[in-house]
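Enquirer: I would like to see how this sequence folds:
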Amino acid sequence: MVVNAIGHGAVIPILVLRARELGADVSTAAMVVALLGLGSLVASLPAGALVARIGERRALTTVGFLDAVAMAAAALTDSVWALGLAVTFSGMTWTVFLMARQGYMIDAVPVAFRARAMAGLGGSMRVGVLVGPLLGAGLIHLSDLTSVFWLAAAMSLASAVLARLMPDYGSDERSTATHLSVVSVLVAHRHTLLTVGVAVVIIAASRSLRIGLLPLWADHLGLSASTTSLIFAVAAAVDIAFFFPGGWLMDNHGRAVVAVPVVATTALACLLLPLTSGVVGVGAVMVLMAVGNGLASGIVMTLGADTAPVEGRAQYLGAWRLCGDIGISGGALLVSVAAAVAPLAVACVVMGGLAGAGTVWVGVFTRRLDRLNRR
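Expert: Predicted coordinates for the structure are as follows:
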């Protein structure tokens, strides 16, 4: 899991640079980056149906190989549009990978340790985001930008081989299971998706605010790109430090104990951000958000595992993944719209207010789920 995340973590920071190197203007380069999320978004529901058909282990192996092909194509191409296609396809394989590993852990780990296992999965992504760019920077220093795509291809290939060596826990159940349609599963579980699922949308949206809002405020204050990157690196380290305590809290004290803080700390951070005027203030706000985000590592996957049915689990988890993707895309869109129509300080306050309202929704429905779990 960590291996695959390292490859993606290495590629994300250099996508814009590679697109620009191939001759893209700023807006086109930004679109190339957005295609990674778009590929993930459109593949969420089909990915659930695919995993239901072929199983988690086979899905992990297959998409690992396919992502290696996509990254190799991205390294070899000299066309911006071909790069965009490769990135879109990589986003599609990534969402299948994330979904399949979640389903695999549901089978492999006892319920009493579920949150810690899911927090570990979330932590593996954070390790990739931290380690991948460091390895990528070293390769760029020795070679060029395309070497990072080759690194990602090698990591995806290695993850496919590792997945192939894992036991296939769900093979017996798949041989006797009835293959349900995605639509029938969504209809059957619409109440959960419209309550706890909306809470997941709010959590994902709040997490995306720091990626969109904090760099804009840092630029507004005149902080250099290297300083902003350093602040993010410190926050990433704090994030990683809190993922295991967060998993322990969820297993022993319920899901709401970390689900509420991840949105509440975002709301408070957005309200405090306009009061900052330098590196220390922005760094403190970023660390505040990182603590909440780190404690809630794996919360989306844990809530999905808690509410997933036995029949149609993969299809359901596809819808769950879609909720998270909608939140990530929606949060970025909210920041863009708010910053376009109002001064940035006002946009920060608006985002803080919306996150505060979202905290109430998340608290109500995650506590309700905790009560059901205790029964």
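Enquirer: can you name the next helix or strand after the lowest-mean-pLDDT helix or strand in the chain?
Expert: When the helices and strands of the chain are compared on mean pLDDT, DSSP states H and E, helix 171-176 comes out lowest with a mean of 53. Following helix 171-176 in sequence order, the next helix or strand is helix 182-188 (DSSP states H and E).
Enquirer: just the mean pLDDT for that next one, thanks.
Expert: Averaging pLDDT along helix 182-188 gives 89.
Enquirer: list the buried residues in that helix.
Expert: Across helix 182-188, burial judged by 16 or more other Cβ atoms under 10 Å covers 182, 185-186, 188. The C-beta positions use only the backbone N, C-alpha and C, and glycine is treated the same way.
Enquirer: give the buried residues for the helix or strand hosting Gly353.
Expert: Counting by DSSP H and E, the element that carries Gly353 is helix 344-374. For helix 344-374, the neighbour count (16+ other Cβ under 10 Å) marks 344, 347-352, 354-356, 358-359, 361-363, 365-366, 369-370 as buried.
Enquirer: cool, and stretch 135-145?
Expert: Per 16+ other Cβ under 10 Å, stretch 135-145 contains these buried residues: 135-136, 139-140, 145.
Enquirer: how about the residue nearest to His220 when sequence neighbours are not counted, what does it touch?
Expert: Leaving aside its sequence neighbours, His220 sits nearest to Leu344 (Cβ to Cβ, 6 or more residues apart in numbering; 5.4 Å). Going by Cβ atoms under 8 Å, 6 or more residues apart in numbering, Leu344 touches 216-217, 220, 274.
Enquirer: by neighbours, which of the residues you listed wins?
Expert: The member of these surrounded by the most neighbours (other Cβ atoms under 10 Å) is Trp217, with 22 neighbours in all.
Enquirer: quick check, pLDDT for it.
Expert: 85.
Enquirer: quick revisit: what is the rounded mean pLDDT of the helix holding Gly353?
Expert: 92.
Enquirer: can you start the count at 286 instead of 1 from here on
Expert: Got it, the first residue is 286 from now on, which makes the last one we talked about helix 629-659.
Enquirer: and it, how far from the chain's centre?
Expert: In terms of Cα atoms, centre = their mean, to the nearest Å, the centre of helix 629-659 is set 19 Å apart from its chain centre.
Enquirer: and stretch 389-399, by the same measure?
Expert: 20 Å.
Enquirer: quick one: mean pLDDT over that stretch.
Expert: On average, stretch 389-399 scores 87.
Enquirer: what of stretch 296-306?
Expert: Rounded mean pLDDT across stretch 296-306 is 82.
Enquirer: just to revisit the earlier point, reformat the buried residues of helix 467-473 as a markdown table; add distance to Thr480.
Expert: Rendered in a markdown table, the data for these read as follows (distance: Cβ to Cβ, whole Å):
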| residue | distance to Thr480 |
| --- | --- |
| Val467 | 20 |
| Val470 | 16 |
| Leu471 | 14 |
| Ala473 | 15 |
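Enquirer: return the closest of those residues with respect to Leu619.
Expert: Checking the buried residues of helix 467-473 against Leu619 by Cβ to Cβ gives Leu471 as the nearest, at 25.0 Å.
Enquirer: leaving out the residues flanking it, which one is nearest to that closest one?
Expert: Closest to Leu471 by Cβ to Cβ, 6+ apart is Ala604, at 5.5 Å.
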